[in-house]
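Chemist: Output the structure for:
(chains A and B)
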Amino acid sequence: MSAPPRSRRSVVLTETVNGITPVLLLFSIFLTLRGHNAPGGGFAGGLVMGSAVVLRYLASGPRGVRSLRVDPIVLIGTGLVIALSVGLTSLIVDGSFQESAIWKWHVPVIGDIKIVSSSLFDIGVHVLVVGVVMAIIVAFAEADDEMRGRS
Amino acid sequence: MATARPPTVHEEPTTLILLLLAHVVAALACLAPGRHAARWALPVAAIAPAVTFGWLVSQAPAVLDGDTPTVDIEWIPQISLSISLRLDGFGLLMGLLVSGIGVLVLLYSISYFGRRDDLGRLAGLLVAFAGAMLGIVWADGLLTLFVFWELTSITSFLLIGFDDTNASARAAATRAFLVTGAGGLSMLAGLIILTIVGDTTTISGLLADPPTGTLTNVALVLVLLGAFTKSAQFPFHFWLPGAMAAPTPVSAYLHSATMVKAGLVVVARFAPAFADAGLWRELVVGAGLASLVIGGVRAMRQQDAKLALAHGTVSQLGFLMVLLGLGTPATTYAGVAMLVAHALFKASLFLSIGVVDHEAGTRDMRRLRGLLRALPVVAATMIVAAASMAAIPPTFGFVAKEKALDGLLHAEIGAIGTIALVGIVLGSVLTVAYTIRIVVGVLGDDAPGIGADDDGDTEAGGEVAAAIDPADVHRPPFALVGAPALLALLSVVFGVTAGAVGDWLAEATASLDPETASKHLVLWPGINEALMISTAIIAAGVVLWWFTRGATRTLDARHSPATAAYDQVYDGLLEGARRTTAATQSGSLPLYLAIVLTTVAVSLIVALGAGATDSISSPRFSNSPVEFVAVVVTGLLAVAVVFARKRFMAVVLLGGSGYALAIVYLIQGAPDLAITQFLVETLTIVVFLLVLARLPVDFAPGPAWAPRIVRVGIATAVGAAVAVFALSASGARTEPSVGETFVALSEPEAGGRNVVNVILVDFRGFDTLGEITVLAIAGAGVVNLVRAARRPQRRKHLDDGNEDVGHDHDGERSSTDSDAGRQLGVWR
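Modeler: Numbers count the residues shown, from 1 in each chain, chains lettered A, B, ... in the order given. Next up is the predicted model:
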């Protein structure tokens, strides 16, 4: 079940994936952000976004992953830095690692907005998980290219 | 006047920290821009030590008056670890040497290196090293001392191995690092013991009320071992000549003037309080004298002027070790004077040799000739600095050595004082001899060339090189000769003004031992015992040189017994590791699994047998029909996996079992867990299938050593043990669940209603951070494995002229794929 060569690719699958990708992306962000108060969270959100990458690979092969123009290692690093800096910021400001800070604003029309610093931490987790999933997929894409190169 | 000083606290102690930070900032500023910093890094790096030097000069009157700025910043209070710095007279003196010579070396490096790409790295490392060294000389906290100590080890490792494409430079760096690093660990153990038995965390506290007893003596031996490795004392002296693989300015700074003094600094601080304890004097005198003599003998047998100086440094460090380690006021005072003298003349000599190398293209004394006329300023510098090294009046080296001999003559420490005196006289004869040898070798006109005059010795590797032509020697720019000339000049100025310098040193040394405050230095002591001994030493040295001057046999530093011993240990360690790996890592996945699983089963069964079965509670099977179905499906699918004949089937069944389990989670009221389980299961199946596409359809046959019955046995044992243990563990709770607290605190403390998530990102956020770090490492590992595998592959593609898209770096690209690939970076 390596990614199919161009000739055997299913148009239906490709189109479906193209259609469903934005939904998946939105849903993954939704999952991450709601995590603090309802089931979800950065890990789950990251996996959903990672699944979008996987689907793209299954539908369009290495080309589908490559066209994303994102280096997984950058995602992994960014995620780790975000998560770490949330913890360190609280260490510097508050004196203890990863103590949640809670900010609340009242915005007209939208209503009350509450941001908890640990949500930022979850965003870091999300980004990192996407990076890891993508790294694995890129590994497969590489192997495909190699095989094709040899044949 | 020194004894009656009340300790006062300085108003602005934070300057010490700011100065150290300035070194860090300068280092980062030079290192971060990489090649772009090459043009300006050295002068920029010099700012930090220059400012330090200026500040120290401005503080000198106050500090010498007994006003010692201290700084104490809490770091990890739980283990009483803090950054404690203290600027006393000795710290001031050493700080002036470290920063002053640092500035000179950095400025010298500008013209020495000319244009190179990697000067940012060099400047950054040098200034980082200078900062770490300042930390050592200013450290008051015992652990602060250790932290900076290790920082100098690390930076010097990087500096010795600066020429990182050269295998022997890397080996020398590793050797220096392992030796000094091992010594550092030994010292850490010693310092920790002293912290405990002395009930203090600072050096000043320790020295004010020195502990006694066996434990203290053991600790002191450990500390001394650290000091010996760092200061290249016998039997750890062998790393220093190898460290000459570093560029000459680096050698001049690290391996003559500063880093190798770190051990001496510690010994000098401890000796007045601890010299009488345990084996201190025996060790210090033994190691010091051995280094003094061995270094001297080896220096006589080098043809490379820099290596001869390096062996001479080992010798001089031994001399200093004896003086500073004896712990009597007179020797301590003389030791500090000698320390200053040594820093001046040795840095000057190294930098001069650097100029010779730079202008004449070689440091080999068999090839150098005619430099007296070709490089007159350098020649004069060398002669003056060498005179100080050989203790010839009116240099500061002479003044200091007179004081040393005088101090030893009058030291009332019994036989060991006499032994020290005899050893030092012997060593000094050698010093005079090798000094003349180096000066004559580099500047003299007799240059046989390599190979021409050798008696068939093969140590030059059959290499034949004629003597240089003095006409080819360039005139060095002023910037290159300025630094060594200034240092040589100071050697004379300090000698001539010995009285004033001596009083100043007495005040600085009073922080080591208050009794030294009354000591003096004089240029001309009149005819006394010390002067007669000095005269005899010089005469004997000249005679020794005269009779050995024809010897051309070169001693290869690599073949010393100590190096051989080190190599044997090092190679043995690596070989042992290789064998252990070969014996334990068969590379067979079934074997690994068998070992891991058997271990799990056995340990669980042992635990259960030891009474953990008491808490087994009978489990509820299910709460609802749906859950019943889910549990049964989970189990059935799991069993089916075992009987699957095709890999594909097994993966699908395993996935099904996982999904069914997720439903159980959902019914049990754990939606977060269920979501994660679903997602992970999905991705796992996909990844599994992608892998399977590259593997044979059927399972490989089982290994011969584990027939079916064994495999089934292990599997059953693990399954049963884990199941029973799970039942036992869930019933074993004696404390109230922490979950209740988390639920209660979730909303008010962390502002979240989903307690599972709050635990992950807040209450147990640190754990999560650890987990995602592991994840990140795994991800990075995958990426790098792919890239590593790619490299040879890509080369093949280029050779084949394959038109495959995305691989080809320089070839034609037909689609946007390869552009994207380039941006991705993974395709490289």
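Chemist: which residues of the stretch 351-500 of chain B score low on pLDDT?
Modeler: B:447-464 (pLDDT under 70).
Chemist: could you pull out the helices for it?
Modeler: For the stretch 351-500 of chain B, the helices defined by DSSP state H, counting those that start in this stretch occupy B:371-374, B:376-389, B:396-409, B:415-443, B:478-496, B:498-509.
Chemist: how about those in a markdown table, adding distance to chain A and mean neighbour count?
Modeler: Where you see a C-beta, it was placed from the backbone N, CA and C, and this is true even at glycine. Output for these, formatted as a markdown table (distance: least, CB to the nearest CB, whole Å; neighbours: other CB atoms under 10 Å in any protein chain shown):
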| stretch | distance to chain A | mean neighbour count |
| --- | --- | --- |
| helix B:371-374 | 54 | 18 |
| helix B:376-389 | 50 | 24 |
| helix B:396-409 | 49 | 26 |
| helix B:415-443 | 52 | 21 |
| helix B:478-496 | 42 | 21 |
| helix B:498-509 | 39 | 21 |
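Chemist: Distance of residue B:566 relative to chain A?
Modeler: Noted for residue B:566: a distance of 39 Å to chain A, by CB to the nearest CB, to the nearest Å.
Chemist: Name all residues that make contact with that residue.
Modeler: Contacts for residue B:566 (CB atoms under 8 Å, 6 or more residues apart in numbering or on different chains) come out as B:175, B:179, B:238.
Chemist: and what of residue B:82?
Modeler: By CB under 8 Å, 6+ apart, the neighbours of residue B:82 are B:72, B:73, B:74, B:75, B:141, B:144, B:201.
Chemist: repeat for residue B:210
Modeler: By CB under 8 Å, 6+ apart, residue B:210 lies in contact with B:198, B:216, B:273, B:274, B:277.
Chemist: Now list the buried members of the residues you listed.
Modeler: The neighbour-count test (16 or more other CB atoms under 10 Å in any protein chain shown) marks B:198, B:216, B:273, B:274, B:277 as buried among the contacts of residue B:210.
Chemist: hang on, the earlier thing: if we take the contacts of residue B:82, which one ends up nearest to chain A?
Modeler: Closest to chain A out of the contacts of residue B:82 is residue B:74 (11.6 Å), distances taken as CB to the nearest CB.
Chemist: what helix or strand is that closest one on?
Modeler: strand B:70-76 (DSSP states H and E).
Chemist: just the contacts of residue B:210 now: which is nearest residue B:440?
Modeler: residue B:274 (42.5 Å; CB to CB).
Chemist: Report the contact partners of that closest one.
Modeler: B:210, B:216, B:220, B:280, B:327.
Chemist: ok so, going back, got the angle between the helix or strand following the strand holding residue B:74 and strand B:70-76?
Modeler: Scanning forward in sequence from strand B:70-76 by DSSP H and E, the next helix or strand is strand B:81-86. Strand B:81-86 and strand B:70-76 are oriented at 170 degrees to each other (axes from the mean of the first three to the mean of the last three CA atoms, to 10 degrees).
Chemist: circling back: list the neighbouring strands of the strand holding residue B:74 plus their orientation.
Modeler: strand B:81-86 (antiparallel) (DSSP bridges).
Chemist: Where does pLDDT dip in the chain?
Modeler: Because you didn't say which chain, this covers chain A. A:1-8, A:91-116, A:148-151.
Chemist: you looked at the wrong chain, it should be chain B
Modeler: Judged by pLDDT under 70, the stretches of chain B that qualify are B:1-13, B:447-464, B:551-559, B:612-615, B:619-622, B:750, B:789-828.
Chemist: That one - how does it break down into domains?
Modeler: As assigned by automatic domain parsing, chain B contains the domains B:279-453+B:465-552, B:600-734, B:758-828.
Chemist: Can the second one be said to contact chain A?
Modeler: Yes. Using CB under 8 Å from any CB of the partner chain, domain B:600-734 comes into contact with chain A via B:671-672, B:675-676, B:679-680, B:682-683, B:686-687, B:689-690, B:692-694.
Chemist: Enumerate every residue touching residue B:494.
Modeler: Contacts of residue B:494 (CB under 8 Å, 6+ apart): B:340, B:341, B:344, B:396, B:399, B:501.
Chemist: Try it again at 10 Å.
Modeler: B:337, B:340-341, B:344, B:388, B:394-397, B:399-400, B:500-502, B:504-505, B:521, B:523 (CB atoms under 10 Å, 6 or more residues apart in numbering or on different chains).
Chemist: same deal with residue B:677?
Modeler: A:44, B:658, B:659, B:661, B:662, B:663, B:664, B:665, B:666, B:670.
Chemist: Most neighbours of all those, which one?
Modeler: The residue in the contacts of residue B:677 with the most neighbours, by other CB atoms under 10 Å in any protein chain shown, is residue A:44 (27 neighbours).
Chemist: Does that one lie in a helix or a strand, and which?
Modeler: helix A:42-60.
Chemist: since we're on whichever residue of the stretch 401-550 of chain B sits closest to chain A, how many residues are nearby?
Modeler: For the stretch 401-550 of chain B, the residue closest to chain A is residue B:511, as judged by CB to the nearest CB, at 36.1 Å. For residue B:511, the neighbour count with other CB under 10 Å is 26.
Chemist: measure it to residue B:334 for me?
Modeler: According to CB to CB, to the nearest Å, residue B:511 stands 16 Å off from residue B:334.
Chemist: same question, residue B:562
Modeler: In terms of CB to CB, residue B:562 sits 29 Å off from residue B:334.
Chemist: the more surrounded of the two?
Modeler: residue B:334 (30 against 15).
Chemist: Could you pull up the contacting residues of that one?
Modeler: B:320, B:323-324, B:326, B:328, B:399-408, B:505, B:509, B:516, B:519, B:521.
Chemist: Same check on residue B:388?
Modeler: Going by CB under 10 Å, 6+ apart, residue B:388 touches B:341-342, B:344-346, B:348-349, B:394-401, B:435, B:487-488, B:490-492, B:494-495.
Chemist: host element of residue 147?
Modeler: I'll assume chain A. helix A:117-150.
Chemist: wrong one, chain B
Modeler: helix B:142-160.
Chemist: next one: residue A:22
Modeler: Here residue A:22 is assigned to helix A:11-34, by DSSP H and E.
Chemist: Buried residues, that helix. List them.
Modeler: So, applying 16+ other CB under 10 Å, buried residues of helix A:11-34: A:14, A:17, A:21, A:24, A:27, A:28, A:31, A:32, A:33, A:34.
Chemist: And for residue B:716, the neighbour number?
Modeler: 11.
Chemist: now residue B:133
Modeler: 32.
Chemist: Could you pull out the buried residues of stretch B:14-23?
Modeler: By 16+ other CB under 10 Å, the buried positions in stretch B:14-23 come out as B:15, B:16, B:19, B:20, B:22, B:23.
Chemist: what about residue B:540, neighbour count?
Modeler: Neighbours of residue B:540 (other CB under 10 Å): 17.
Chemist: Report whether the expected contact of it with residue B:432 is present.
Modeler: Yes. In this structure residue B:540 lies within contact range of residue B:432 using CB atoms under 10 Å: 7.4 Å.
Chemist: quick one: is the helix holding residue A:44 near chain B?
Modeler: Yes. Using CB under 10 Å from any CB of the partner chain, helix A:42-60 reaches chain B at A:42-48, A:50-51, A:54-55, A:57-58.
Chemist: In contact with whichever residue of the stretch 351-500 of chain B sits closest to chain A, which residues?
Modeler: Of all residues in the stretch 351-500 of chain B, the one sitting closest to chain A is residue B:354 (41.5 Å; CB to the nearest CB). Contacts for residue B:354 (CB under 10 Å, 6+ apart) come out as B:105, B:108-109, B:112, B:247-252, B:306, B:363, B:378, B:476, B:480, B:483-484.
Chemist: So which of the residues you listed sit within strands?
Modeler: If you go by DSSP state E, these have nothing in strands.
Chemist: Any of those buried? List them.
Modeler: In the contacts of residue B:354, burial by neighbour count holds for B:105, B:108-109, B:112, B:247-252, B:306, B:363, B:378, B:476, B:480, B:483-484, counting by 16+ other CB under 10 Å.
Chemist: Neighbours of residue 118, how many?
Modeler: I went with chain A, as the question did not name one. 31.
Chemist: other chain: chain B
Modeler: 16.
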